[in-house]
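J.: next input, structure requested:
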Amino acid sequence: MAEIKTEGFEFFGVEEREFRMMVIERIETMMVHSKLSKNTLAQKANLGRSSFYEKMDREGRSHFTLLDMFRIAKALDISILQLFPMTELERQHGGQLPLSASTLNFLDQMLAAPKEDIEFLSNFYKELQKRERSSN
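T.: Sure, this is the predicted structure:
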């Protein structure tokens, strides 16, 4: 099994409320990436809608169960690990993903593009970098 660089799951110094908000932030980002509403995700994950809304409330006191996490990850077609802020940098930024949901969506589109389009964009990007370096 491949090693995942997580920098530890200890979460020393992170309060439960902070951790919960980080998880909510990540779920919301994944929802945007997958173009799902809370209602749709609750249905796909086979979770009660009002319960899901309550657990997604940043000011609420309700928590996700481990089973909820598995169902949400399955509905989003991601690893359950992606719901957790795994690096210190992510924790410092409130659990946000390194890229915005729109950028993740763009990368997905790019990876699904024909080989010629990817090569064209790669060459275009290299040219932009050359221009930027020469203008500095």
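J.: which SSE is the residue nearest to residue 60 when sequence neighbours are not counted in?
T.: What sits nearest to residue 60 in space, not counting adjacent residues and going by Cβ to Cβ, 6 or more residues apart in numbering, is residue 54, at 5.5 Å. Every C-beta, even on glycine, is put in place using the N, C-alpha and C of the backbone. Using DSSP states H and E, residue 54 maps to helix 49-55.
J.: output the contacting helices and strands for the helix or strand following that helix.
T.: Using DSSP H and E, the helix or strand that follows helix 49-55 towards the C-terminus is helix 66-76. The contact analysis (3 or more Cβ pairs under 8 Å, 6 or more residues apart in numbering; DSSP states H and E) places helix 66-76 against helix 16-34, helix 38-44.
J.: for residue 112, find the nearest of those.
T.: In terms of Cβ to Cβ, the element of the helices and strands packed on helix 66-76 nearest to residue 112 is helix 16-34, at 14.2 Å.
J.: what comes up buried for that closest one?
T.: Across helix 16-34, burial judged by 16 or more other Cβ atoms under 10 Å covers 19-20, 22-31, 33-34.
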